[in-house]
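Student: need a structure here:
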Amino acid sequence: MPSLSQVQIIGHLGGDAEKKLVDTNTVVTFSVAVSGRGQVGQKTTTWYRVSAWNKVAEGIQPHLLKGSLVYVNGRLELRPWTTANGEERLSLDVAAQTVLLLTKAEPKPDEEFLR
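Tutor: Reported below is the predicted structural model:
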């Protein structure tokens, strides 16, 4: 029987995307905030950690700036990690298969340049 793990999110980037090389693979990581309303009408924000690999990552990374509105389609992955205190934790991350830039954030002026 086939199975499916898929998530679609639209939200704003919490910071500029970071690009790294892992072995010979390119990976771009970023966080996306998705806002909504809770049960009693209170504003809620859910943060998603997203990673995009190789072809998906290479072209989009320079455009993923803090505040940009993005659409992400991917699958959920459970990722173990260890805190600074040595505690084992789990994180539910999104492995992006598609990343679309919906709006572009304006880059902030360099404060050093303005002084």
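
Student: separation between residue 55 and residue 34?
Tutor: 25 Å (Cβ to Cβ, to the nearest Å). Yep, even glycine has a C-beta here, placed from its N, CA and C like the rest.

Student: scratch that, residue 18 is what I was asking about
Tutor: 20 Å.

Student: Ok, residue 17 next?
Tutor: Note on residue 17: its distance to residue 34, by Cβ to Cβ, is 17 Å.

Student: Leaving out chain neighbours, which residue sits closest to residue 36?
Tutor: The shortest distance from residue 36 to any non-neighbouring residue, by Cβ to Cβ, 6 or more residues apart in numbering, is to residue 44 (5.5 Å).

Student: just checking, that neighbour touches residue 33?
Tutor: No - counting by Cβ atoms under 8 Å, residue 44 does not reach residue 33; the two are 10.4 Å apart.

Student: Residues contacting the helix or strand harbouring residue 91, please?
Tutor: Per DSSP states H and E, residue 91 falls inside strand 88-103. With contacts defined as Cβ atoms under 8 Å, 6 or more residues apart in numbering, strand 88-103 is touched by 7, 9-10, 32, 48-53, 56, 60, 63-64, 68-83.
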